[in-house]
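Trainee: what follows is a predicted protein model with its sequence.
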Amino acid sequence: MFSPVSGAGGLSVLVLLYSLGAYAASRRAVITIAVAMYLLFVFVPGPTMGSEPFLVQAILEIAFTAPPVLLGLYMGARKQLLRSLQERATRLEREQHLLAERARGEERTRIAREMHDVVANRVSVMVVHAGALKAIAARDPVQAAETAAVIGDMGRQAL
């Protein structure tokens, strides 16, 4: 009745053992169930297993039980590894995106500070020249015109 090597029951047991190894959450539970099934197959032989000696039955049952369980455990571990690698890659991409955004923000801040410094310097030069223009406007109209031109140039450079 429970003979794993006869009929469609054997195929279903192979599928069950593989699925158990591949999809069970606990390896300890998988091994415990696989050992229990092995002992069941050895001590409750099916109709086709009654004529062989006990040692032959035990070896055949190991050969029947172990490969699907081990393959299932391997495939389950592989699937978990691939899932964890995908999650890690996603997390690293997200971190890389955040780092790039932070670098862009820092660069924009640096450029804004630099532009502020340049504009402030130009405006302060314009203020000095405007004060000089006020002082010399009445005495020297030619020098006042040159100073006004310098102020215009500074204003254009600042813009």
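Mentor: Received it, and whenever you're ready, just let me know what you need.

Trainee: residue ranges with poor pLDDT in the chain?
Mentor: Low-confidence regions of the chain, defined by pLDDT under 70, span residues 1-9, 45-50.

Trainee: please redo it, this time with the cut-off set to 90
Mentor: 1-66, 69, 73, 115, 117-159 (pLDDT under 90).

Trainee: pull the longest helix from it.
Mentor: helix 54-136 (DSSP state H).

Trainee: and that helix, what other elements does it pack with?
Mentor: helix 7-23, helix 27-43, helix 141-158 (3 or more CB pairs under 8 Å, 6 or more residues apart in numbering; DSSP states H and E). Any C-beta I mention is one placed from the backbone N, CA and C, and that applies to glycine too.

Trainee: buried residues, the longest one. List them.
Mentor: Which is helix 141-158. Going by neighbour count (16 or more other CB atoms under 10 Å), the buried part of helix 141-158 is 144, 147, 150-151, 154.

Trainee: in a markdown table: these, plus distance to Y74.
Mentor: Compiled in a markdown table, the buried residues of helix 141-158 are given as follows (distance: CB to CB, whole Å):
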| residue | distance to Y74 |
| --- | --- |
| A144 | 91 |
| T147 | 86 |
| V150 | 81 |
| I151 | 81 |
| M154 | 75 |
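
Trainee: one step back: and the longest helix of the chain, how far out from the chain's middle?
Mentor: Relative to the centre of its chain, helix 54-136 is centred 8 Å away, using CA atoms, centre = their mean, to the nearest Å.
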